[in-house]
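A.B. asks: With the sequence up front, the predicted model follows.
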Amino acid sequence: MVYWTPMATIGERFLGAALLVVRLLTVLAALAVVGLVLFAFAEKPSLEPRGPEVAAPPPEPPRLTGPETPPALAPLALSGTTPFVRRLEAGAELAKLAREVEERGAEAARLDARLERVSPFLLKADRPPLRLHGARLLEMLTSPPRDLLSFTLAGATEADPLGKTLRVRAWTLGEAYPAEELAAAAATLEHVVRCVERDVDGGIDVLITPALGNDVFPGQPRPPIERAAGLYFGGDQYCVVDSELRPHFRVEVVEHELIHAYCHRTAKSFSRSRLITEGVAEYLRLVSNRDNGLNVPIDRLRDSLAELAYLLERLSRAGVDLRTVQPRRLVELDPDAFYQLGHLAYLIAQATMAYVGGDVIQIALYRRSDAPIREVIEGLDWREFLGFVERGSRLGRLGRAVIVDDAAPASRTGRDHAGYTEALRKIGADVPGKVVEREPSPGEVAATLGGEARLGLALRLLLTEPAAVRVFADPSEEMDRVIRFAAPHALAEIMGLRPEGETARMAAARLAGFFGAAHAGHVVTLGAPRRTGGAEILEVAQPLAIEGFAEHPRDERRLAVLVVGSPGTGASVPAAPPEAAKPLEVLLVVDLTPDGQALRWAQAFDMPGRHVAYWAPLADGE
């Protein structure tokens, strides 16, 4: 079989293929032209070496109305070892910022950022209101100034301006705290640290100012009572002490507050009970580096125990049964009730620690817990404790004990008798259904009648108006001891005179003349002492007719000096001023009794219209 293909059909197919090839070539040519154009306009590679590429910054967002928030600043780098010292360091930054604001002004946002940098170093005593910021907050934190330049640090050196090497840092607003007082207080704390074998990291700061620190920190918490001698702020870890206290008492207050700070920094449990925290502070401030551990010799406590025995006896006479007191209630007594009891509470607290003993206190501090002390007190036999007080009070002198109460005697009038009565009931005392009046302790009476205001005025009047003075005393041969003691150094502190000054020497000479008249027998001899037991002086033996006052012109000032007792022969019963001697304007009671019994008579003589002062010149000079 033969197959036949027509020639026209094959030609058509060849022509279609040729056209397809032409089209493909045209497309390729067009692509080549486009590539050449792109290559011509493309960036040529550089032959120079290139660094890393840097990303372009993002576009700036639209600016909002209001100030720009600055970036946060790094906290201050301070080197102080305690919150108080670091606050004073931060105060320098605040003072610098205040100057800048005053000179150039400052944007509010920028100012707040810099204040935020200081805020970690502010104390609770700064107490800035939450809504206060900017310039107003800065003014509050710098007025009054609270920086290192505003204070004087006792014992600071050029190499150690912050006192990092000091265990006790005493900060004052003017002259440096007296070195002798500071050394005495620091020695007490050093002995406690050595016995307990536990120190306080960074040392302890004591701020000593006329207004108890409130003149530096106006927002500082106020004392729980009207007038305090010293306080310790556990949150901010610093003490405050009244700088205007008399020196012999001020150092006792500093020691008391240092013990508070040491106990709180050692174990906060010591702050749970007012009886324990105040008792330990009152007890350990009496310890010395000559003592056996933390055991205070009983002789050093006799004046305090005599004061306590006197107050307990007065309460018993008022019908209060103290045999029912429960030691556990003493430990749990709330602060308000403790303060209502005043000196009585502090004396009981101190005597309780003396009964517990320094060894137990030392163990408690070493273990960082008040549990050992609580255990002894809660198991205490109260009647046995009263016997301990009675035995220890023998040979003690009334009015001589130094009690670091949280309030000065002038503020005692603020305590109500109802509160005092209720506080007695809280400790378990059986109180009659009436209100018990709070009787001031001998120490409070001595602090008032023998204070600078009373005694200083009486002595000045005696020296400036000698013709109006009558002296009543026992002409004992031992009276010359009084004359020797009435020296410039003994009068300077009382009268505010410089010991080396001519005025002080003249005052001493005139007073010696008064006592010399007594020694020469130019006055009436008082009767012999009579007692009922204990430390109580009996009623006046008999009124004495004292010559001289009857003829004294009534329009002239009437001044009297009543010298009670004799340092060589014992106490003499003081006589009340005779009718011919009235109205007395000033009565100075000079107490030479061995146990301070004339103090009660000075208190009895004190009345409106009469200036009564009390002086026991031999009490601290025997």
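C.D. replies: That came in fine, so what should we check first?
A.B. asks: partners of Val589 in the sheet?
C.D. replies: When assigned by DSSP bridges, Val589 has beta-bridge partners Leu562, Tyr614.
A.B. asks: gap between it and Val445?
C.D. replies: In this view, Val589 and Val445 are 11 Å apart by CB to CB, to the nearest Å. Heads up, the C-betas are built off the backbone N, CA and C, glycines and all.
A.B. asks: shared neighbours, the two?
C.D. replies: Residues touching both Val589 and Val445 (CB atoms under 8 Å, 6 or more residues apart in numbering) are 599, 602, 614.
A.B. asks: Can you redo those residues as TSV, where the extra columns are pLDDT?
C.D. replies: Listed next are these as TSV, based on pLDDT from 0 to 100:
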residue	pLDDT
Leu599	81
Ala602	79
Tyr614	83
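A.B. asks: From those residues, keep the buried residues only.
C.D. replies: 599, 602, 614 (16 or more other CB atoms under 10 Å).
A.B. asks: just checking, the last one touches Arg454?
C.D. replies: Yes: in terms of CB atoms under 8 Å, Tyr614 counts as a neighbour of Arg454; the distance is 7.4 Å.
A.B. asks: tell me the contacts of Gly91?
C.D. replies: 141-142, 145-148, 150.
A.B. asks: Of Val589 and Val445, which one has the most company?
C.D. replies: Each of Val589 and Val445 has its neighbours counted (other CB atoms under 10 Å); Val589 has more, 25 against 20.
A.B. asks: Sketch out the low-pLDDT regions of the protein for me.
C.D. replies: 1-73, 106-109, 129-130, 223-227, 406-416, 452, 459-560, 562-586, 617-622 (pLDDT under 70).
A.B. asks: Strands of the chain, start to end?
C.D. replies: Assigned by DSSP state E, the strands in the chain fall at 152-153, 168-172, 204-209, 230-233, 238-242, 469-472, 559-564, 586-591, 611-615.
A.B. asks: got the angle for the last one vs strand 586-591?
C.D. replies: Counting by axes from the mean of the first three to the mean of the last three CA atoms, to 10 degrees, strand 611-615 lies at 20 degrees to strand 586-591.
A.B. asks: Repeat that for the fifth one.
C.D. replies: Here strand 238-242 runs at an angle of 120 degrees relative to strand 586-591 (the same axes, to 10 degrees).
A.B. asks: and strand 238-242, what does it pack onto?
C.D. replies: Here strand 238-242 touches strand 204-209, strand 230-233, helix 247-266, going by 3 or more CB pairs under 8 Å, 6 or more residues apart in numbering; DSSP states H and E.
A.B. asks: got the CA coordinates for the shortest one in CSV?
C.D. replies: Translated: strand 230-233. Extracted C-alpha coordinates of strand 230-233, given in CSV (Å, rounded to 0.1, in the frame of the first residue of the first chain):
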residue,chain,number,x,y,z
GLY,A,230,15.4,62.1,125.2
LEU,A,231,14.0,59.7,122.7
TYR,A,232,15.1,56.9,120.4
PHE,A,233,13.5,56.5,116.9
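A.B. asks: Partner strands of that strand and their direction?
C.D. replies: Counting by DSSP bridges, strand 230-233 is paired with strand 238-242 (antiparallel).
A.B. asks: what angle sits between the strand it pairs with and strand 204-209?
C.D. replies: 30 degrees.
A.B. asks: Can you name the residues in contact with strand 238-242?
C.D. replies: By CB under 8 Å, 6+ apart, strand 238-242 touches 82-84, 204-210, 212-213, 220, 228-233, 250, 253-254, 257-258, 260-261.
A.B. asks: Mind giving me the PyMOL select for the residues you listed, buried ones only?
C.D. replies: Those of the contacts of strand 238-242 that count as buried under 16+ other CB under 10 Å are selected in PyMOL with:
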select buried, resi 82+83+84+204+205+206+207+208+209+212+213+220+228+229+230+231+232+233+250+253+254+257+258+260+261
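A.B. asks: about what we covered before: got the shared contacts of Val589 and Val445 as JSON lines, with distance to Leu162 columns?
C.D. replies: Shown next, in JSON lines, are the shared contacts of Val589 and Val445 (distance: CB to CB, whole Å):
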{"residue": "Leu599", "distance to Leu162": "46"}
{"residue": "Ala602", "distance to Leu162": "49"}
{"residue": "Tyr614", "distance to Leu162": "45"}
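A.B. asks: Closest to Glu244 out of those?
C.D. replies: Tyr614 (21.1 Å; CB to CB).
A.B. asks: mind checking how far the closest one is from Arg400?
C.D. replies: In terms of CB to CB, Tyr614 sits 12 Å off from Arg400.
A.B. asks: Now do the shared contacts for those two.
C.D. replies: Ala446.
A.B. asks: Report the contact partners of the closest residue to Glu181 other than its chain neighbours.
C.D. replies: Among residues not flanking Glu181 along the chain, Val251 sits closest, at 4.3 Å (CB to CB, 6 or more residues apart in numbering). By CB under 8 Å, 6+ apart, the contact list for Val251 reads 181, 184-185.
A.B. asks: most surrounded residue in these?
C.D. replies: Busiest of the contacts of Val251 [other CB under 10 Å] is Ala185, holding 27 neighbours.
A.B. asks: how about that one, what does it touch?
C.D. replies: Ala185 neighbours (CB under 8 Å, 6+ apart): 168, 251, 254-255, 258.
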